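# Need the 3D shape of this:
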Amino acid sequence: MYRLGYNTNGLAHHRLPDAFRLLADLGYRGVAITPDVAGLDPMHLRDGEVDGLARLAQQLDLELAIETGARFLLDPTRKHGPNLLDASAEGRARRVDFYKDCVDLAAGLGAPLISLWSGAAHDGRALADVDEGVRGRTLQRLAEGLLPVLDHAASAGVRVAFEPEPGMFVERVEEYRALAQVLGDRGSELGLTIDVGHLVVTGEPPVATIEGAADVLVHVHLDDARAGVHEHLMFGQGDLDLPGTLAALARIGFEGQAAVELSRDSHRGHEAAAHALEQLRKAQAPISAD
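Alright, predicted model coming up:
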């Protein structure tokens, strides 16, 4: 059975040890850590920070994952920049180095995986909007950036999971499959992160998509959303069939972490985390009763 977790990008005003304890007290069994300026910043790690969090997670029986979506960690002027599709080779190299640092954080914390995404293409177009030639060249550039990350992760015993993200070059699960194909025999090393709210945004049926991705799914983000609008919402505020989605995860035997991602709710972090877990347990009730 999967573990319910919570992404620290929804607790951005909490110290990470406080966030761990808060989430464990509420009943969560996992934490998806977004390294950011306030904690686990790879460029400004504090002495003993990684070891201390690893011990605390073990004491609290929390499974960890590393998320890589901090908004301005690498560039204070560009959200999520630079990325693996940056026009600058130097920018792409900075993103690769950051991902390697995140792999090292995961290894030090005992986290099984890091989750990452493509970023937006420098001209802002998504894969579905470009011709076959541009598609092939851009996927190849993305694969070239991922290969050294996969190498580093393999040597550290950490899995890399790729998340399709609305507004980025790779937006849909079928496009993740295309990227894995470009990676050739290395494609099997790239797992899949599904954000169920993103599926609502892009019009991919959550239940069918989850069931169709059972062979590659290693990490899940949980949030609600409305069709066509990329905004992470509390469960019940959007169009997601939450009971059906959780039942699909149970049916495929998903055993990773399913982490709530409410990145715009840090101002009410404790309240949001508590309410989200309440909603999740209600949605799981029919599963438990079967």
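# helices and strands around the helix or strand harbouring residue 175, which ones?
In this assignment (DSSP states H and E), residue 175 forms part of helix 173-182. Contact partners of helix 173-182 among helices and strands, from 3 or more Cβ pairs under 8 Å, 6 or more residues apart in numbering; DSSP states H and E: helix 132-156, strand 190-195. (Each C-beta comes from the backbone N, C-alpha and C, glycine too.)
# got the buried residues for it?
In terms of neighbour count (16 or more other Cβ atoms under 10 Å), helix 173-182 has its buried residues at 173, 175, 176, 179, 180, 182.
# tell me which of the residues you listed is nearest to residue 162?
residue 176 (5.6 Å; Cβ to Cβ).
# so where do the strands sit in the stretch 1-150 of the chain?
All strands of the stretch 1-150 of the chain, identified by DSSP state E, counting those that start in this stretch, fall at 3-7, 30-33, 63-67, 113-116.
# Now mean pLDDT and distance to residue 90 too, for these, in JSON lines please.
Formatted as JSON lines, the strands of the stretch 1-150 of the chain follow (pLDDT from 0 to 100; distance: least, Cβ to Cβ, whole Å):
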{"stretch": "strand 3-7", "mean pLDDT": "98", "distance to residue 90": "29"}
{"stretch": "strand 30-33", "mean pLDDT": "98", "distance to residue 90": "27"}
{"stretch": "strand 63-67", "mean pLDDT": "98", "distance to residue 90": "24"}
{"stretch": "strand 113-116", "mean pLDDT": "98", "distance to residue 90": "19"}
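# now the most centrally placed residue in the chain, which residues is it bridged with?
Central residue of the chain (Cα atoms, centre = their mean): residue 115, 4.5 Å from the mean position. Note on residue 115: beta-bridge partners by DSSP bridges are residue 67, residue 161.
# ok, now which ones touch it?
32, 65, 66, 67, 68, 161, 162, 163, 193, 219 (Cβ atoms under 8 Å, 6 or more residues apart in numbering).
# Could you identify the pair within these that is furthest apart?
32 and 162 (15.1 Å).
# Please identify which of these two sits among more neighbours.
residue 32 (28 against 25; other Cβ atoms under 10 Å).
# Pull the contacting residues for the residue lying closest to that one once chain neighbours are set aside.
In this structure, residue 32 finds its nearest non-sequential neighbour in residue 259, 3.7 Å apart by Cβ to Cβ, 6 or more residues apart in numbering. Residue 259 is in contact with 4, 5, 6, 7, 30, 31, 32, 65, 219, 220, 221, 222, counting by Cβ under 8 Å, 6+ apart.
# Name the SS class of residue 259, please.
strand (DSSP: H, G, I helix; E, B strand; the rest coil).
# Then residue 235?
Three-state call for residue 235 (three-state DSSP): coil.
# Against residue 284, how distant is it?
From residue 235 over to residue 284 the distance is 12 Å, taken as Cβ to Cβ, to the nearest Å.
# so who does residue 5 touch?
By Cβ under 8 Å, 6+ apart, the contact set of residue 5 is 23, 28-32, 62-63, 65, 257-260.
# and residue 261, how many residues sit next to it?
Residue 261: 26 surrounding residues under other Cβ under 10 Å.
# er, residue 118 actually
Residues lying near residue 118 (other Cβ under 10 Å) number 27.
# can I assume it is in contact with residue 85?
Yes: here residue 118 reaches residue 85: they are 6.4 Å apart, a contact under Cβ atoms under 8 Å.
# Now for the two: what residues contact both?
Each of 142, 169 lies in contact with both residue 118 and residue 85 under the rule Cβ under 8 Å, 6+ apart.
# Include distance to residue 248 when you put the strands of the stretch 1-150 of the chain into CSV, please.
Shown next, in CSV, are those (distance: least, Cβ to Cβ, whole Å):
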stretch, distance to residue 248
strand 3-7, 15
strand 30-33, 19
strand 63-67, 20
strand 113-116, 19
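# Ok, which of those strands comes nearest residue 279?
Comparing these by Cβ to Cβ, strand 3-7 comes nearest, at 10.9 Å.
# and the direction of the closest one versus that of strand 63-67, what angle?
Orientation of strand 3-7 against strand 63-67 (axes from the mean of the first three to the mean of the last three Cα atoms, to 10 degrees) gives an angle of 40 degrees.
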